[in-house]
Each structure stands twice: as structure tokens, then as C-alpha cells.
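> Got a sequence here, can you model it:
(chains A and B)
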2 protein chains.
Amino acid sequence: METMNTSSILSKEQLLRHWQGHRFVTRRVIEAFPEKEFFEFSIGGMRPFSGLASELLSIAVPALKAIISRDSQPYTEEGFILNTKADYLQKWDEATEEINRLWAQIPEEDFEKTFNLFGQYEFPIYQNIFYFIDNEIHHRGQGYVYLRALGIEPPFFWERW
Amino acid sequence: METMNTSSILSKEQLLRHWQGHRFVTRRVIEAFPEKEFFEFSIGGMRPFSGLASELLSIAVPALKAIISRDSQPYTEEGFILNTKADYLQKWDEATEEINRLWAQIPEEDFEKTFNLFGQYEFPIYQNIFYFIDNEIHHRGQGYVYLRALGIEPPFFWERW
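Got it, this is the predicted structure:
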């Protein structure tokens, strides 16, 4: 289909790079936590950062797989509740590679299509993917407060690579 | 210019709606703070949420104006350090309208062009705009922790309108 390319401002590759840039920052936030506080420290009854990392891992690769296969399986954190920071970092790095691999399998024209992610979030796929990124930034912002409250300097928000 | 429209996944209008949806959530976070805590409460030596709201206001409209005029004036919070929550909400609503008005003045083809925003951030314009949104989500995440620490239920992250 030939069309005037005047209404589009972001490519699929740019969006992947944007997401992976944020995932790099989140990885550094995980690294910045002391082992014990990663699993135990929290404010106001919220989850410790390990719980947020489990959520982010439970979304990224499983959601892309679901989008590719159009499988509306429910959300689960099974397999992503880990025991050490090193386990989280390893899972994180595996997900980084897997995201790149899966991304290539989503055709550009599918980003506008609606899919009921996790049987619960019926939105255009591009909106679901922005939600993954925004949700990660949101929870990571929470992690920054935890680190500051622990007297630890967080990584620079703008250093993405 | 006619081109195969296969590499683009997001329109200018979709990005505006995405940003304004986030700005709606941030407005509700401002609203959720008690007057005193909006200006005084903080954790770990970070700024109170009024300080973050000043930053967000100092970026949104001034940055769009700078992008349109290609004026690399430095960042300043002058005019955006206000005295009451009601002042912030009013300024916020004015900015909402102004953003819509200014957005229409940025041609689609400019989003790929590089601009040295605030004389400091030399990036493609689409990256600068994503930065505004991400920065807002990031600091708002901080606001959610403040609210939880104050025993106040924050607005739903996913409720954008």
C-alpha cells in the first residue's frame, strides 16, 4: 500500500530502542539496591522493588509472545518471582535479547490492531506496548524514591545506554 | 513525497493524545495532595510535589514554543513557582489548551529533525517530546509514593480520561 507518509512520526525500530533504553535504566536501578533492601524495603505499604521487577519481567516477554500468537492467556508472575538480585539481573538480560527477537516478529501494520492482552486489556497493540514502557517508568520512579530514602544515589534518568 | 508507509507506527495525533492522557493523570495527582503536603511533604531529600509540578509546567509549553521557533533559550522555572494548589491546577489547565494549540504548529516531518532544546538537549524532536512524557511519568511515580506514604490512595495509573 502506497501512502503519503505524513501522519507518522515514530518507527518500530525507534520504539524498540526507546523501550530498551528504559530497560537499561531499570536494570541499573535493580543493581543499585543492596540485596536485602531489594527484597524487603518499601514505603507506604507498596511492594519492594523485587516485586516491581517481577511485574516488569512478567509483562515484557510474555506480553510480546501473547501479541505475536494472539493468545489472551491471563497475566501471571509465575516463573518471575526469583530469589536473588543476580537471578533478576540474569532474567533481565535474557529478556533483553528475547524482546529484540520477538519484536522482529510483529509486523508494523499490527501496531494499530486491537488485541485483548492478558484477556483484560483490549487496546491497539501500540497502546499496549506504550503501557509496558510507561508502567516501567512509573514503577522505576517509585524505585528512585526507595533508593533516595535509603541514602543511595539512583542512576541518571537520562543515561539510556 | 510518496513512500511505503511500513516503517511508522505512531501518528502525531496519537502522541498528543498519549501525552494529554498522562497529563490528566498528573493533574489528578496534584489534586490528591492536601494543600500543605503538596508544598512541604518529601522523602529522602527530594522535592515536594509542587516542585515537580513546577518543573513539568516549565517544560511543556515553553519547550513546545521553543521547538516551534527553534529558540534554544535556557530552561527556567520563572513564572511556574506558584503559591496554591488552585494556582497549579489553573496553570495546568491553561497548559493543556496551549499544548493542543502549539502541537498543531509542529509539522510531522519536523519530529525527526534535531533541535538543541533549552540549549542543552540536542536530540531529534520526537525524542525530546518523549522525554517530556517520560519525565512526567517518572516524577509522578515519585508523587504516588508520597501519596501512599501520606496514607492517600493515588488515582488509577491507567485511567487517562
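> ok, the residue of chain A found nearest chain B - contacts?
Here chain A gets closest to chain B at one residue, A:Gly141, 2.4 Å apart by Cβ to the nearest Cβ. Using the backbone N, CA and C atoms, a C-beta is placed for each residue, glycine as well. With contacts defined as Cβ atoms under 8 Å, 6 or more residues apart in numbering or on different chains, the neighbours of A:Gly141 are B:137-142, B:144-145.
> Make TSV from the residues you listed and add distance to B:Ser8, pLDDT and secondary structure to it.
What follows is the contacts of A:Gly141, written out as TSV (distance: Cβ to Cβ, whole Å; pLDDT from 0 to 100; DSSP: H, G, I helix; E, B strand; the rest coil):
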residue	distance to B:Ser8	pLDDT	secondary structure
B:Ile137	23	98	helix
B:His138	26	97	helix
B:His139	29	97	helix
B:Arg140	28	98	helix
B:Gly141	29	97	helix
B:Gln142	33	97	helix
B:Tyr144	33	97	helix
B:Val145	36	98	helix
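> Let me know the closest of those residues to chain A.
B:Gly141 (2.4 Å).
> Just give the nearest non-adjacent residue to the closest one, would you?
Nearest residue to B:Gly141, sequence neighbours excluded (Cβ to Cβ, 6 or more residues apart in numbering or on different chains): A:Gly141, at 2.4 Å.
> Can you give me the distance of that neighbour to A:Phe49?
Distance of A:Gly141 to A:Phe49, given as Cβ to Cβ, to the nearest Å: 11 Å.
> Give me the buried stretch members for the strand or helix carrying A:Tyr126, please.
Element membership for A:Tyr126, per DSSP states H and E: helix A:125-149. Within helix A:125-149, the residues scored as buried using 16 or more other Cβ atoms under 10 Å in any protein chain shown are A:125-149.
> Next, the angle from it to helix B:125-149.
Angle of helix A:125-149 versus helix B:125-149, following axes from the mean of the first three to the mean of the last three Cα atoms, to 10 degrees, is 50 degrees.
> Neighbours of A:Gln105, how many?
Neighbours of A:Gln105 under the rule other Cβ atoms under 10 Å in any protein chain shown: 12.
> tell me the contacts of it?
A:Ile68.
> pull the helix or strand with minimum mean pLDDT from chain A.
Sorting the helices and strands of chain A by mean pLDDT, DSSP states H and E puts strand A:2-4 at the bottom, at a mean of 42.
> following that strand, which helix or strand shows up next?
Following strand A:2-4 in sequence order, the next helix or strand is strand A:8-11 (DSSP H and E).
> which helices and strands sit right next to that next one?
On a contact count with 3 or more Cβ pairs under 8 Å, 6 or more residues apart in numbering or on different chains; DSSP states H and E, strand A:8-11 meets strand B:8-11, helix B:12-32.
> relative orientation of the last one and helix B:125-149 in degrees?
For helix B:12-32 against helix B:125-149, the angle by the same axes, to 10 degrees is 20 degrees.
> so A:Glu40 touches A:Pro48, yeah?
Yes - at 5.7 Å, A:Glu40 counts as touching A:Pro48 under the criterion of Cβ atoms under 8 Å.
> More neighbours: those two, which one.
A:Pro48 (19 against 12).
> can you confirm A:Glu77 is in a helix?
No - going by DSSP: H, G, I helix; E, B strand; the rest coil, the assignment for A:Glu77 is coil, not a helix.
> Contacts only, for it.
Contacts of A:Glu77 by Cβ under 8 Å, 6+ apart are A:54-55, A:58.
> same deal with A:Ile137?
For A:Ile137, the contacting residues are A:22, B:134, B:137-138, B:141, by Cβ under 8 Å, 6+ apart.
> Is it possible to get CSV of the residues you listed that adds distance to A:Ser8?
Below are these laid out as CSV (distance: Cβ to Cβ, whole Å):
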residue, distance to A:Ser8
A:His22, 22
B:Asp134, 20
B:Ile137, 23
B:His138, 26
B:Gly141, 29
